[in-house]
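> Predicted model, plus sequence, below.
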Amino acid sequence: MLKEGDSVQVIKDLKVKGSSVTLKRGTVIKNIRIGDGDEAVEGNSDKVKGLRLKPEFLKKV
């Protein structure tokens, strides 16, 4: 289970909608927030701020 403040790692290369950036597998996202809705995790990476991801593409670090 993910909780607010956890660090997670991306398990699959993901294209960021609305940007030309691709999050590579292994990218760490620190200090996540649980967003609105059932399956929304919000956080910031080094390249992109204000990410909104599905938990199925993340693993807890």
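Looks like it came in fine.
> And the strands in this protein?
Assigned by DSSP state E, the strands in the chain fall at 8-10, 14-15, 22-23, 28-34, 41-44, 51-53, 58-60.
> Adding mean pLDDT and mean neighbour count, write those strands out as CSV.
Any C-beta I mention is one placed from the backbone N, CA and C, and that applies to glycine too. Formatted as CSV, the strands of the chain follow (pLDDT from 0 to 100; neighbours: other CB atoms under 10 Å):
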stretch, mean pLDDT, mean neighbour count
strand 8-10, 96, 18
strand 14-15, 95, 14
strand 22-23, 95, 16
strand 28-34, 94, 16
strand 41-44, 94, 18
strand 51-53, 91, 17
strand 58-60, 95, 15
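> Tell me which of those sits nearest to residue 1.
strand 58-60 (8.5 Å; CB to CB).
> Distance to residue 2 for the strands of the chain - can I get that in JSON lines?
JSON lines is the format used below for the strands of the chain (distance: least, CB to CB, whole Å):
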{"stretch": "strand 8-10", "distance to residue 2": "7"}
{"stretch": "strand 14-15", "distance to residue 2": "17"}
{"stretch": "strand 22-23", "distance to residue 2": "17"}
{"stretch": "strand 28-34", "distance to residue 2": "7"}
{"stretch": "strand 41-44", "distance to residue 2": "6"}
{"stretch": "strand 51-53", "distance to residue 2": "11"}
{"stretch": "strand 58-60", "distance to residue 2": "6"}
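> contacting residues for the closest residue to residue 35 other than its chain neighbours?
The shortest distance from residue 35 to any non-neighbouring residue, by CB to CB, 6 or more residues apart in numbering, is to residue 42 (4.4 Å). Applying CB atoms under 8 Å, 6 or more residues apart in numbering, we find residue 42 in contact with 32, 33, 34, 35, 50, 51, 52, 53.
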